[in-house]
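> any chance you could fold what I've pasted below:
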Amino acid sequence: MSELFPRHRLSVASIAVTIIIGVVIWRLIDIQIIDHERYSAKANRQWYVRRPIPARRGNIFDRNGYPLAVTHWTYTIGVTPRSFPVHDRKAVACLADACDMSKKELRRRLVRDEAYVALGRDLHLTEDQVSKLSSLSGVAIDPNHDRLYPYEAMPPQFLGAINAEGSGTAGVELAFQGTLAGEDGWLLVSQLPGDPRGFQPVNAPGRGPRDGDDLYLTIDTRIQSIVDFELEQAVVRFGAVGGMAIVVEPSTGDVLAVSEKPVREIARAASQVDCFALRSMNCIYEPGSTFKLITDSYLLESGKVGPYDVFFGENGVAHFDFGTIHDAHEYGWLTFKESFVLSSNICTIKAAQAANAGDFYRYMLRFGFGGRTGVDLPAESRGTLREPGAWSTRSLPSIAIGHEIGVTALQMAMAYCALANGGDLLVPRVALEARDGTGAVVERFSPVTVRRVLTDRTAKTMQDFCKEVVLKGTGTKAAVNGIEVAGKTGTSQKAIDGAYQKGKYVASFIGFAPASAPRVVCLVVLDEPDSHSYYGGESSAIVFSKIIEGINLSTDLFYNAGTANIAMGDDGAGRKRVPSFLRLTAEAAIDRAAGCGLEVQCPRVKGIVYSQTPDPGTYVSPEDEIKLMVRAERPKSETVGNVPDVAGLSIREARRLLLGCGLDCVVRGFGIVERQEPAAGSLVSRAVKVILFCNPRSAADLNEGVQIADGARH
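The predicted structure follows:
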């Protein structure tokens, strides 16, 4: 019996060992063969980390290259001394160069008995420096992006904004996120368990960042400044609670200017719709008589009426089955054309009684009402246009004169663009092209035609109608000296929550210029002007006139070689009449001024004069100087101009000034700009970066800078 127990224990031990070995072998097979990929991926996640290298967001420019939105990347650098290889000469040299300090100073700061040492903030680093610093153990690089919008005469909702992660949240920034954002790069680093050196670079290729492309918009800041100023003045002059103005090129659909008053701060959250989208394309209003373009075009094209068919105006008051309609004036017999020119609601309704509701509804749809225009901006409204089945007996006559229909300002502008260009409805375009860092075009955004909505004959007839409105109709105050314009007035009572508000009106005027060969369509809408100005012809038409006059005198948009040369002369008091220098080369402009005995201030660069002050035709004294602005020929020359003097300014102030001149900068140090390279007044190209050498005002500023950098790290 005593011999059986050792044998039994040996058998049990053998079985136990066999089971243990089997389990171990099974786990090895499971880890190494069956589930190898999962365990390998888990180990890699623990040992390897991808350090991101952020891409630079693309800049936004107007069509002439004026900066509208730019990004400056700066970095905050800090070090964990116990993990940094302080005895590695290359590592020390790399870090010292990036922080703009000597190697001796760097070593002195690293011997401190501190867990973390802040070395600098607002540092400008090259892509190569970022890559090298990212591979050093113990070095923390915190990127900071500063998105600046140097042009203030633009609704914030148009350009939009970016969030803390650098992604667009509204406007152009959101709509063209894929173009502007670029693609972040990465560097692979690893850390072995217990390794005091921390993460070390791996012998792997990684990937460099692909910077975002620059975006060139259709906006023309010369026109935008005029529109924004005139609208702001009009809101005050006419006591309105707000206003909108849009300028569009009818042949391409290019949006040249958009202005809204009062200015609203951009929303950071998409849920705040009112501060997120442009009211010009998000808010709807009843267009009033400006909508008669659609009604009259339909009646003409369908053969229901002719331009000279006659209707009786009932002396200003007409009783219909659906109710009573009033005109602003007591009209008798009017032709169909005169009813448009004088804006008779009664005659228009009488003409529209021959319309078929279904056909008229489909005609309005063809013009884009009740649908989105297709503009490349977020949060566009469709407006409101009910189907004929939901119409009452009053609906058709009401819609015919611009009521019971809700439109956006952009929809109305594009409808009149179709009239101005001869009949084609276009998609509004806000971007021209995208360019990479070398200036090469990588994407073009071509004009898009939706459909043809007017025949040539109807387009010419309605253009003639619109000319008569300004010549002898309700829009005489829209007339502009020296250029023929055309358009239509509109006045509508405001509707809130389905009820018309007594004493609250929307006044509008929309027109095009020059009338014979339209280059722009301009819409002006004033919200609740005072009781003396609520008719569109008494307020909005005046604003339209001032905008077109400003464009005509201050830009080359309406340039006509046959009429551009203003005859020289004097006013009898020794003052000379200023000729037009628009569309001349800089050299030709200087020669013309010399021939006229006038002094001019003109940049000596190859290019075309696109603006002058004072305007052509103005009388000036011989000693007065005429200032000319030249658009440089970009393909032949990248000359920007003289470097401004930024000494004594803060870093932010200096950046804004340089950006306004089309220049980028690199900052050394922090605080106040002490000196700059190149020096002020130097002529440089767009590719040159101005180096700003900065020093703090006091020791307090120095301590504050270190505290901010340290705070950014924690």
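> surely Gly171 is in contact with Ile162?
No - contact criterion C-beta atoms under 8 Å: Gly171 and Ile162 do not qualify, at 10.2 Å. Where C-beta positions appear, they are placed from N, C-alpha and C, glycine not excepted.
> of those two, who's got more company?
Gly171 (26 against 21; other C-beta atoms under 10 Å).
> not counting its neighbours along the chain, what's nearest that one?
Closest residue to Gly171 apart from its sequence neighbours, by C-beta to C-beta, 6 or more residues apart in numbering: Gly160 at 2.6 Å.
> before we move on, what about Ala175?
Nearest non-adjacent residue to Ala175 (C-beta to C-beta, 6+ apart): Asp376, at 4.9 Å.
> hang on, the earlier thing: ok, the residue nearest to Gly171 - contacts?
Each residue near Gly160 by C-beta atoms under 8 Å, 6 or more residues apart in numbering is listed here: 168-175, 266.
> now it: how far from Leu231?
21 Å (C-beta to C-beta, to the nearest Å).
> which residue ranges of the stretch 351-500 of the chain form helices?
Using DSSP state H, counting those that start in this stretch, the helices found in the stretch 351-500 of the chain span residues 357-366, 395-400, 409-420, 456-472.
> buried stuff in the second one?
Of the residues in helix 395-400, those buried by neighbour count under the rule 16 or more other C-beta atoms under 10 Å are 395-400.
> of these, which is the nearest to Cys694?
Lowest distance from Cys694 to the buried residues of helix 395-400 (C-beta to C-beta) belongs to Ile399, with 63.5 Å.
> now for the spatially closest residue to the closest one that is not a sequence neighbour, how many residues are close by?
Spatially, and ignoring its direct neighbours in sequence, Ile399 is nearest to Ile405 (5.1 Å; C-beta to C-beta, 6+ apart). Around Ile405 there are 23 other residues, counting by other C-beta under 10 Å.
> reformat the buried residues of helix 395-400 as CSV; add distance to Asp359 and pLDDT.
Listed next are the buried residues of helix 395-400 as CSV, based on distance: C-beta to C-beta, whole Å; pLDDT from 0 to 100:
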residue, distance to Asp359, pLDDT
Ser395, 15, 94
Leu396, 11, 95
Pro397, 15, 95
Ser398, 17, 94
Ile399, 13, 96
Ala400, 13, 95
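> phi first, then psi, for the residue nearest to Ala175.
Main-chain torsions, Asp376, degrees, to the nearest 10: phi -80, psi 60.
> measure it to Gly253 for me?
Counting by C-beta to C-beta - Asp376 and Gly253 are separated by 11 Å.
> shared neighbours of these two, which are they?
Joint contacts of Asp376 and Gly253 (C-beta under 8 Å, 6+ apart) are Arg429.
> looking at those two, which is more packed in?
Comparing Asp376 with Gly253 by neighbour count (other C-beta under 10 Å), the higher total belongs to Gly253, at 28 against 14.
> so for that one, what's the nearest residue that isn't a sequence neighbour?
Closest residue to Gly253 in three dimensions, ignoring its sequence neighbours and counting by C-beta to C-beta, 6+ apart: Leu426, at 3.5 Å.
> if I pick that neighbour, what's in contact with it?
250, 252-253, 414, 417-418, 447-450.
> swap in Pro397?
320, 322, 325, 349, 352-353.
> before we move on, back to that, do you know how far the residue nearest to Gly253 is from Val448?
7 Å.
> overlap in contacts of the two?
Gly253.
> for the nearest residue to Ser339 once chain neighbours are set aside, give its distance to Asp615.
Counting by C-beta to C-beta, 6+ apart, Ser339 lies nearest to Cys347, which is 3.5 Å off, once chain neighbours are set aside. Shown here: Cys347 relative to Asp615, a distance of 41 Å by C-beta to C-beta.
> looking at those two, which is more packed in?
Applying other C-beta under 10 Å to Cys347 and Asp615 shows that Cys347 carries more neighbours, namely 26 against 16.
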